[in-house]
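Predicted model, plus sequence, below.
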Amino acid sequence: MTIWFRENVIIMESSPSLLLKNVLLPGGRSGDIAITDGKVSHIGAGQDADSVIDCTGLLVLPAAVDMHVHMRGGMQSAKEDWASGSKSALAGGVTVVVDQPNTIPSLTTPELFSARVREAKMQSFCNFAINSGVTPNISLGAMWRAGAIAFGEIFCAPSSYGEAVSGLELTGALGGIAELGALATVHAESVRDGPDTSLTSHDIMRSPEGEIRAVQAVRHSNTRGCRLHFCHMSTARAIDVAAGTVEVTPHHLLLSREQFSPDDTRVKVNPPLRNERERKGLLAQWKRIDVIASDHAPHTTAEKGLPFPDAPAGIPGVETMVPLLLAEVLNRTISLPDVILKTSQAPARLIGIPQAGFAPGARGDFALYPKTTVRVDPDMLHSRCGWTPFEGHMAVFPSVVIRNGAVTYRDGEFFRCEPVWFTGNGYVPP
């Protein structure tokens, strides 16, 4: 605590609780980052602090915001719950997650939404926000006042635990969301009839052309200028016709169906993995992509072991999202500033929460990474589902993660303090 005087007034300043020394800052210079009361308080020469971490030789990144996760819980706790899912997030350098509303039951009333918040507050190791579901009879205003950070993902076609909305219903919903000044997040797919017996047939049923048509239909339905965010886009051609912000997952960027056997249910996902040509085209859209999010959607190995038509769609990914991208940075495929922008700054800005970063007043959330890669091993991950489609891929995992100015993860050990619930602008406290 520093005490000083100005105009006969005693002013007390808190000493930094944490000092990150010898951080390689944007622009190439080295400096120290002081964090006080959960926020960056100073960048520059070192100060006294309660705790000091020497960051020499480490990559220091503003911690990530994963704005698309399914933390399961409740009757789906065998797949994942807030404790296991949030640990998985922290171990991947993610300190804020945005949970999707297609839970069981779906989050379509303020009471269900508040129960979900209570569950997260009791269990989560990381900070969180929660989206509202969108169905024909939902009160959008009530969900906005309950604290929803955004609306959706809104399903243009049925998907796991999510029902599709019709074109007329979508027009009404987008109009109501626009009136609230909120963000609509959209799962843009269309599904045609056919056998669902392999990765190829799944791709045909939920084709790139269907994704394009769905994006165009959403644009047509958006008659009142609602802010649109397109989730997990899987083809470059759909990105070309999108109006709004664009989100892409690591599995669509890095995996193609040719890398797996045709009946490998582990990588059955909506939208499907595309062929290698489509994957390369998607990666070529890197500069147009606004956000990288994981669409973390874990299922048990037993569920994924069912025959292909019966196996659920979805894969885990919150823990591997940033580590996989950092391996691409070391390979010089993509740039480090782009990774920071797409995993931390842009998603924070979109959902309207304070950004983490290298400036006084920024949220004091950072992840410290070695500059070495390791092979992804399912046994090293923390999701309850216990498997990953990225087994054997190279990745860079953090050694230390800082949330709200305090070490919350270090070398495999977690330190829990109460999470922050980030609410939308319409929140009215009870």
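Okay, I see it.

switch to C-alpha atoms for all contacts and neighbour counts from now on
OK.

outside of the helix or strand hosting residue 128, which residues touch it?
Element membership of residue 128, judged by DSSP states H and E, is strand 127-130. Here strand 127-130 makes contact (C-alpha atoms under 8 Å, 6 or more residues apart in numbering) with 95-101, 117, 120, 147-150, 419-423.

Stretch 208-219 now?
Contacts for stretch 208-219 (C-alpha under 8 Å, 6+ apart): 156, 167, 170, 188-191, 234-235, 237-238, 241-243.

ok, 7 Å please
156, 188, 189, 190, 191, 235, 237, 238, 241, 242, 243 (C-alpha atoms under 7 Å, 6 or more residues apart in numbering).

Which secondary structure state is assigned to the fifth one?
Spelled out, it's residue 191. Counting by DSSP: H, G, I helix; E, B strand; the rest coil, the backbone at residue 191 sits in coil.

Surely it and residue 203 touch.
No: between residue 191 and residue 203 there is no contact under C-alpha atoms under 7 Å: 9.8 Å.

more neighbours, the two?
Using other C-alpha atoms under 10 Å as the criterion, residue 191 and residue 203 rank with residue 203 on top: 21 against 18.

shouldn't that one be in contact with residue 275?
No: judged on C-alpha under 7 Å, residue 203 makes no contact with residue 275 at a distance of 8.8 Å.

From the contacts of strand 127-130, which land in helices?
Counting by DSSP state H, these place 117, 120 in helices.

so which strand or helix has residue 89?
helix 82-90.

which residues sit against that helix?
Under C-alpha under 7 Å, 6+ apart, the answer for helix 82-90 is 71, 73, 95, 120, 123-126, 318-319, 381-384, 401, 409.

send the alpha carbons of that helix over as CSV?
Backbone C-alpha positions of helix 82-90 (Å, rounded to 0.1, in the frame of the first residue of the first chain) are rendered in CSV as follows:
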residue,chain,number,x,y,z
TRP,A,82,-19.1,-26.7,-15.2
ALA,A,83,-16.2,-27.9,-13.0
SER,A,84,-14.6,-30.2,-15.6
GLY,A,85,-15.4,-28.0,-18.5
SER,A,86,-14.0,-24.8,-16.9
LYS,A,87,-10.9,-26.6,-15.8
SER,A,88,-10.4,-27.7,-19.4
ALA,A,89,-10.9,-24.1,-20.5
LEU,A,90,-8.3,-22.8,-18.0
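
Output the lowest mean pLDDT helix or strand found in this protein.
Lowest on mean pLDDT, DSSP states H and E among the helices and strands of the chain sits strand 2-6, with a mean of 42.

Per-residue pLDDT of residue 109, please?
In the prediction, the pLDDT value recorded for residue 109 is 98.

What is the neighbour count of it?
16.

Could you report the separation of it from residue 293?
The gap separating residue 109 from residue 293 is 26 Å, by C-alpha to C-alpha, to the nearest Å.

go on, residue 417?
Residue 417 is 25 Å from residue 293, by C-alpha to C-alpha.

Pretty sure residue 112 sits in a helix.
Yes: with three-state DSSP as the criterion, residue 112 is part of a helix.

any idea how far it lies from residue 16?
Counting by C-alpha to C-alpha, the gap from residue 112 to residue 16 is 39 Å.

sorry, back to before: okay, residue 417 and residue 293: which has more neighbours?
For residue 417 versus residue 293, neighbours defined as other C-alpha under 10 Å are more numerous around residue 293 (28 against 15).

Backbone dihedrals for that one, please?
phi -130, psi 160 (degrees, to the nearest 10).

now swap in the one 3 residues further on and tell me
Recorded main-chain torsions at residue 296 are phi -60, psi 110, according to degrees, to the nearest 10.

Looking at it now. What's its pLDDT?
Model confidence at residue 296 (pLDDT) stands at 98.

who touches it in this structure?
Residues in contact with residue 296, defined by C-alpha under 7 Å, 6+ apart, are 68, 69, 70, 315, 316, 317, 318.

Next step: those restricted to helices.
Among the contacts of residue 296, no member falls in helices (DSSP H).

Pipe those residues into CSV and attach distance to residue 219, pLDDT and neighbour count per row.
Output for the contacts of residue 296, formatted as CSV (distance: C-alpha to C-alpha, whole Å; pLDDT from 0 to 100; neighbours: other C-alpha atoms under 10 Å):
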residue, distance to residue 219, pLDDT, neighbour count
68, 21, 98, 26
69, 24, 98, 23
70, 26, 98, 24
315, 28, 97, 25
316, 30, 98, 30
317, 29, 98, 27
318, 29, 99, 32
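
Give me the subset of these lying in strands.
Among those, the ones falling in strands (DSSP state E) are 68, 69.

can you tell me which of the contacts of residue 296 lies nearest to residue 43?
residue 318 (29.7 Å; C-alpha to C-alpha).

For residue 380, see how far away that closest one is.
Applying C-alpha to C-alpha to residue 318 and residue 380 gives a distance of 14 Å.

Could you tell me the end-to-end distance of stretch 409-422?
End-to-end for stretch 409-422, by C-alpha to C-alpha: 21 Å.

Next up, the contacts around residue 206.
189, 190, 191, 192, 271, 272.

Please type out the PyMOL selection for whichever of the residues you listed turn out to be buried.
Buried subset of these, written as a PyMOL selection, criterion 16 or more other C-alpha atoms under 10 Å:
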select buried, resi 189+190+191+271+272
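
could the contacts of residue 206 be laid out in a markdown table, adding pLDDT and distance to residue 286?
Putting those into a markdown table (pLDDT from 0 to 100; distance: C-alpha to C-alpha, whole Å) gives the following:
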| residue | pLDDT | distance to residue 286 |
| --- | --- | --- |
| 189 | 93 | 21 |
| 190 | 91 | 24 |
| 191 | 92 | 26 |
| 192 | 92 | 29 |
| 271 | 97 | 18 |
| 272 | 98 | 19 |
